[in-house]
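A.B. asks: Below is the sequence, then the predicted model.
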Amino acid sequence: MGVVPDFSILAHRAFRDFASELEGLKLRCQWVTAYNSIVWLPTIQDNAPAVTPPGHLLPEHLLDISFPLWRIWASWKPRFERITFLDGMCRAQRGVLPDLLALEGPDFISGKYATLADGIIARYGEVKPIVRFQGLIFEVLTCERDELKEMLTKLWNTLEAASKGSAPSSFKLFLQFTIARPITQETLAVMESVYKIPHSPQCPINDSVFRIYEARNKLGGMHIYAIADLIVALEHPRGEDLRKVILKPWLIQGIENCIRECQGAVKTHIDTGLAWTHLAMEFHDFCTVVKESKNFLPLLDAGLRAQLDVLPTAEVMDAVVEIYTAAGGEMMIELGPASKLKDSIEAFCADRLLHRQKKFVNSDAHKIMSAMLQVWQATTNADRRDLAILAAKSIGQNDIILRCKGITQTISLPDEFVKDLLSVVDESKVKLEQAIVSFTKLLAGTMYPDVVGTWIFCLLNMIVKTSSTLVDYTLQNFRAYEWLQWMLELTTIFVDIIPNQSNPPILQASLHLWAQQLSEYTPTITRLEELARKGDNASEIAECVHAFASTSPKGLEACYRIDSTTVRQDKKAVALAEVEVAGWVQDEDMMVTDKAAITSLATLLDLKVYVDEVPKETLAKATQYYEEMAAWMLEEAARLEGIQRGMKAVDPVGTAVFLESIGIQDMSPLEEELELLPPDILNAVEMQGRNEVEISFPLTAFTGLQRSAMGSGTANTLLVHLFLDYYDKSFPPAFCTHLDTDGPDDYDNDHSPWVPLTDTKEPDLPICPYGNFKTTALTWQMNRILHRHLRYAPPDIAAIHAFISNRLQDLAHCCIICGTTHNARHTTLRRSVPCSASACTRIWNSMTIPLEVRIPELRTDPFAIDMLLTGVYAAAMS
């Protein structure tokens, strides 16, 4: 070696550079280039002599000195087609798989095997189920080398399929199943099966499978799209292998959970008045996919399969949503019969999507929806559909047959009649009286008797709304012949209704009889309209005006009220005015001049003056007048409340500001919460103030021994007063507890509630001396329980009611001081006692706790107390 020193130096430098180049190729996993670079090394290794003659310098000598790892590279025998495939992967893919690519490189760990993967397989001890190489983790369930070898083979196959996939999500799925978590036979089988199914934007199987597999133990409504895509993919002809791998009980359970959670979401949105149609459409699409699946449908719960049997078609569901949207959607806030359409749509969707009810088939909602769907399927004309919605809201108060007839009738009505009728409806929103006149002329001029019989009730409803103003409006705005002509048209339309005595003024039989008699003098009346009016009661008017001159302000006010009452010109208003006149005339405090003025005005207005006693018939008419006014006011209040709710649903803050600006008190948060309470809880809650409620809990389930042990005595109800602050969430609800025997009696003291602040201890003394309050073990223990609970609990009445109800059932099984359970569920306990904790014992034995709490019988069982005192006395004397 000392013969050619220059050659040795050059060779060492060349081999070191060669080693550095191979190290760089190794780090970049460029195995094809590396393999092409070391193809000559096996030849040197195979041809090396066993013994080197003295003085000879062989290549392996130089390699051993400058490139010690050359024999590992020479032993490397990769699968050329595999490293060629790896070399063809893009740089981004190769960059995230260095550990996996290294498996096809030389065995740098032992140097004995063709590749590093072969070395890992050979060195596997078949003891532990986990095999780790840098960032790769293999879970070998059987702990056998053959399984590990099979897993590596599948891993290379899935990598090739993922790299060749057209969608980027194919390679992403491979990373998520191999790099981010242990590699198992199941995940490899899933990937092999997934890559056989074509991936498309309409069916993103790669993303869906990972989402579902990742959340396989907690699948629910949030995975609706992923489950739907998976079901579609599994129905593909190439999805058989994936079905074998992933179609397991957890997937079926997840689909059932998804259906039930989606049903609950749709029901909640419907019940609370939120937008729900988009949820219903998404849920319907999902149910359609499930129903059309041959592999999943037979495996579902029988109840869900029965619900899917009544699932409407996509066309029907689209029509239902269109009807709901056209009718006003969630903003459709109506009362009475007008709400039938909204209720019917919601009931239809609830029956077909949420919960099947056998009685729905014969219900009014089913009949209305059948008629509406018939219209929607028969015509696409917007005017006819709008008229069908109008018919569903306004025709027939409780006559569903008539209402359905009016709905289906819109299909065959003439186009001109449909447009005219819709114009009348639009006009009624601006000027109702004029719309009534137009509607009357439209029905009177039609040649279709069935149309009149159907829409007559819609016209009648409009007349009822203007019963107090319609007569005056027509008399003031129509000429005589126009008014008489209109009355004749009303008679023609309402010929069967006019004889009814309870009709509005414009449909009274007497008025129509008078109009019929008056029609004979139409020419004369027409000429009289052109003449100036001449008064023939001048003397009566003069006398009345003279009486007003000496009337007091009180008398003038009475006269004004009489005149205002008689403006309506109906029998009830006249009767009311006569009752008012009698009241003032018979009033001893009314001045004589005032009585004279009232009498004069009554005579002028043809009112009867009752000086002594008012006839019962007149009083009955006046009473009926006030009852009708009260009913109208309640109806109007309900209508305004509905409008207020609708405005608050759209803009709560703006609505509150608007109501405050016009001086109307808005509904308090407490009132809103009370309206949302379930009926069984609402009956136990009574609002005491704007932010105060009283919740009652019955004690009838307790036995006599339990009552005596709790000191409740004869009380039947526990009363919990809550004082809620909805505006300061950091401030806990204040409270106080009482029994129904703690009535106020002659006391005037108010409640003094306890505020359970986080830095305060449980109350040891009575907290609210309301009424004839007496401390009992029951109220004392409940005060401490509520203090601990309400410090962190939100002001939720339903939750507080449920909490107290549960605690009352287990009251005797908990420590009276700290509330810790005694772990004595199978033992009957009569009273609460302290637990074994020293702190509870110290508090219980302290003098701060009232004696009637520690010994409840002190007030409820005097005989027991007498026996105890006698025993103490006898013990002291002995």
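C.D. replies: Sure thing, it's come through. Numbering: from 1, shown residues only.
A.B. asks: which residue ranges form the strands in the stretch 351-500 of the chain?
C.D. replies: Per DSSP state E, counting those that start in this stretch, the stretch 351-500 of the chain carries no strands over any range.
A.B. asks: where are the low-confidence patches of it?
C.D. replies: Residues of the stretch 351-500 of the chain that meet the criterion pLDDT under 70 lie in 358-362, 396-397.
A.B. asks: and what of the stretch 651-800 of the chain?
C.D. replies: Applying pLDDT under 70 to the stretch 651-800 of the chain flags the ranges 665-666, 727, 743-749, 771-773.
A.B. asks: mind redoing it with 80?
C.D. replies: Counting by pLDDT under 80, the stretch 651-800 of the chain has low-confidence residues at 651-657, 659-660, 662-672, 689-690, 726-730, 742-750, 769-774, 793-795.
A.B. asks: mind listing the helices for it?
C.D. replies: Ranges of helices in the stretch 651-800 of the chain, per DSSP state H, counting those that start in this stretch, are 652-661, 669-675, 679-682, 704-710, 777-790, 797-809.
A.B. asks: helices or strands next to the fourth one in the packing?
C.D. replies: Contacts defined by 3 or more C-beta pairs under 8 Å, 6 or more residues apart in numbering; DSSP states H and E place helix 704-710 against helix 777-790, helix 857-860. All C-beta atoms are positioned from the backbone trio N, CA, C, and that covers glycine.
A.B. asks: can you list contacts of it?
C.D. replies: Helix 704-710 is contacted by residues 699, 702, 713, 715, 776-778, 811-812, 830-832, 856-857, 860-861, 864 when judged by C-beta atoms under 8 Å, 6 or more residues apart in numbering.
A.B. asks: and residue 557, how many residues sit next to it?
C.D. replies: Using other C-beta atoms under 10 Å, residue 557 has 12 other residues around it.
A.B. asks: cool, and the one 3 residues further on?
C.D. replies: Residue 560 is flanked by 11 other residues according to other C-beta under 10 Å.
A.B. asks: same check, this time on residue 629
C.D. replies: For residue 629, the number of neighbouring residues by other C-beta under 10 Å comes to 13.
A.B. asks: my read is it is in a strand, agree?
C.D. replies: No: counting by DSSP: H, G, I helix; E, B strand; the rest coil, residue 629 is not part of a strand but helix.
A.B. asks: just to revisit the earlier point, most tightly packed of the helices and strands packed on helix 704-710?
C.D. replies: Ranked by average neighbour count under the criterion mean count of other C-beta atoms under 10 Å, these are headed by helix 777-790 at a mean of 22.
A.B. asks: Could you pull up the contacting residues of residue 63?
C.D. replies: So residue 63 contacts 15, 44, 70 (C-beta under 8 Å, 6+ apart).
A.B. asks: Buried among those residues? Need that as a selection in ChimeraX.
C.D. replies: In ChimeraX, this line selects whichever of the contacts of residue 63 come out buried by 16 or more other C-beta atoms under 10 Å:
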select :15,70
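A.B. asks: Please parse the protein into its domains.
C.D. replies: According to automatic domain parsing, the chain is divided into the following domains: 1-75, 80-193, 196-309, 312-412, 538-614, 675-866.
A.B. asks: what about residue 595, which helix or strand?
C.D. replies: Under DSSP states H and E, the secondary-structure element containing residue 595 is helix 592-604.
A.B. asks: Can you say which of the helices of the stretch 651-800 of the chain is packed in most?
C.D. replies: The highest mean neighbour count among those, using mean count of other C-beta under 10 Å, belongs to helix 777-790: a mean of 22.
A.B. asks: could you say what helices and strands that one packs with?
C.D. replies: Here helix 777-790 touches helix 704-710, strand 717-723, strand 734-739, helix 797-809, helix 851-854, going by 3+ C-beta pairs under 8 Å, 6+ apart.
A.B. asks: switch the cut-off to 6 Å
C.D. replies: In terms of contacts (3 or more C-beta pairs under 6 Å, 6 or more residues apart in numbering; DSSP states H and E), helix 777-790 is packed against strand 734-739.
A.B. asks: who's in contact with the strand it packs on?
C.D. replies: With C-beta atoms under 6 Å, 6 or more residues apart in numbering as the test, strand 734-739 has contacts from 715, 719-723, 751, 753, 755, 767-768, 779, 782-783, 786.
A.B. asks: Please dump the helices and strands packed on helix 704-710 into JSON lines; it should also carry distance to residue 205 for every row.
C.D. replies: Output for the helices and strands packed on helix 704-710, formatted as JSON lines (distance: least, C-beta to C-beta, whole Å):
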{"stretch": "helix 777-790", "distance to residue 205": "49"}
{"stretch": "helix 857-860", "distance to residue 205": "72"}
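A.B. asks: Centre of the chain to the helix holding residue 595, how far?
C.D. replies: Relative to the centre of its chain, helix 592-604 is centred 64 Å away, using C-alpha atoms, centre = their mean, to the nearest Å.
A.B. asks: ditto for stretch 260-272
C.D. replies: With C-alpha atoms, centre = their mean as the basis, stretch 260-272 stands 6 Å off its chain's centre.
A.B. asks: go on, stretch 634-654?
C.D. replies: 20 Å.
A.B. asks: Which of the residues in it are classified as buried?
C.D. replies: When neighbours are counted by 16+ other C-beta under 10 Å, the buried residues of stretch 634-654 are found to be 644, 646-648.
A.B. asks: Generate JSON lines for those, with pLDDT and secondary structure as supplementary columns.
C.D. replies: Output for the buried residues of stretch 634-654, formatted as JSON lines (pLDDT from 0 to 100; DSSP: H, G, I helix; E, B strand; the rest coil):
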{"residue": "644", "pLDDT": "77", "secondary structure": "helix"}
{"residue": "646", "pLDDT": "78", "secondary structure": "helix"}
{"residue": "647", "pLDDT": "80", "secondary structure": "helix"}
{"residue": "648", "pLDDT": "71", "secondary structure": "helix"}
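A.B. asks: So which of those residues is the closest to residue 102?
C.D. replies: In terms of C-beta to C-beta, no member of the buried residues of stretch 634-654 lies closer to residue 102 than residue 648, at 65.1 Å.
A.B. asks: wouldn't that closest one be in contact with residue 655 here?
C.D. replies: Yes: using C-beta atoms under 6 Å, residue 648 is in contact with residue 655, at 4.7 Å.
A.B. asks: Around residue 176, count how many other residues there are.
C.D. replies: Number of residues near residue 176 (other C-beta under 10 Å) recorded here: 20.
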